[in-house]
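> Can you look at this prediction? I've put the sequence above it.
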Amino acid sequence: MNALAQLGSFAAFLGAFVHASLTHPPPVARSIEEAYRIGVRSLPILLVISAFVGTSLAFQGYHAFKPMGGQFMVGMFVALAGVREMAPIMVAAMVAAKAGTEMASQIAVMRIREQIDALEVMAVSPHWYLITPRFLGILLVLPALTLISIFTVLVAGWVVVVYQLQMNGNEYWNLAAATIRPEDLLYSAIKAFDFAVIICLVSCFFGFNSQPGPKGVGGATNQAVVWSAVACAVLNYFLSELFYG
């Protein structure tokens with residue numbers, strides 16, 4: 001019963017958000033501010049994580065294929081794993097942990113301080129004022145972050161192949177280029193777009209429905225990151241099945 005009530009609350013929240021966003025002008029300036037906060041500030045840690053994921057993929061791929069004499073296929077392995085699966089879900093998990101929790105905590109604090117009620121008293125839609133800029137901002141940056149992560153993964157894999165494994169770098173790039181299709185990049189961007197929708201809406205929903213007190217803020221933040229990560233992982237499977245099945 002609690003799960004059904006939660007689902008009903010989310011549906012009502014989603015309906016209110018869609019209505020408010022469609023009946024108000026888009027907050028362009030505030031959306032750009034959110035895009036900067038979510039995207040640019042997340043870039044350094046994203047580059048570090050993507051680089052080490054790329055090196056790990058190259059190293060593990062080399063040792064997986066070496067017993068069969070196929071170590072030259074490392075470029076194909078890094079490209080397939082990095083572009084199709086690792087980069088989109090890795091970026092989503094990182095943004096959910098960083099920006100998603102920030103969204104949930106900020107809105108939850110506003111809830112317990114009754115600032116959201118104050119917006120309603122002033123006839124300002126809290127869904128439009130608080131959620132729409134975050135929603136548009138994350139939609140702008142998450143596909144871009146995913147493409148940057150893909151590039152970083154591939155370059156890091158090349159560094160390991162050339163300087164640690166002493167293999168042919170041109171062969172690595174040739175196999176990677178032959179493996180990656182233009183639609184793979186499009187599919188990764190679509191995944192990122194869908195993950196952005198989930199992260200923003202789930203995080204803001206739990207922030208809006210926070211319980212009173214510091215414990216409520218902590219609970220909203222925890223639920224936001226957990227459910228965002230779970231929803232993105234589940235959706236990733238179905239999107240992969242749709243695109244590549």
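Here it is on my side, so go on.

> distance of the residue lying closest to residue 244 once chain neighbours are set aside from residue 195?
Ranked by C-beta to C-beta, 6 or more residues apart in numbering and with sequence neighbours excluded, the top spatial neighbour of residue 244 is residue 84, at 6.9 Å. Any C-beta I mention is one placed from the backbone N, CA and C, and that applies to glycine too. Distance from residue 84 to residue 195, counting by C-beta to C-beta, to the nearest Å: 14 Å.

> ditto for residue 174
Taken as C-beta to C-beta, the span from residue 174 to residue 195 is 31 Å.

> which of those two has more neighbours?
Shown here are residue 174 and residue 195; by other C-beta atoms under 10 Å, residue 195 has more neighbours (28 against 13).

> and that one, what helix or strand is that in?
Secondary-structure assignment from DSSP states H and E places residue 195 in helix 182-208.

> so who does the residue nearest to the spatial centre of the chain touch?
Centroid-nearest residue in the chain: residue 92, 2.1 Å away (criterion: C-alpha atoms, centre = their mean). Applying C-beta atoms under 8 Å, 6 or more residues apart in numbering, we find residue 92 in contact with 142, 191, 192, 195, 196, 199, 228, 229, 232, 236.

> buried set for stretch 156-171?
156, 157, 158, 160, 161, 165, 167 (16 or more other C-beta atoms under 10 Å).

> Take the contacts of residue 92 and lay them out in TSV including pLDDT and distance to residue 27.
Shown next, in TSV, are these (pLDDT from 0 to 100; distance: C-beta to C-beta, whole Å):
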residue	pLDDT	distance to residue 27
142	94	18
191	94	26
192	94	22
195	95	22
196	94	17
199	94	19
228	92	23
229	90	28
232	93	25
236	92	30
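
> Can you list the low-confidence ranges for the chain?
1 (pLDDT under 70).

> Swap in 80 and give it another go.
1-5, 69-72, 213-214, 245 (pLDDT under 80).

> what's the single longest helix in it?
When the chain is parsed with DSSP state H, its longest helix is helix 213-244.
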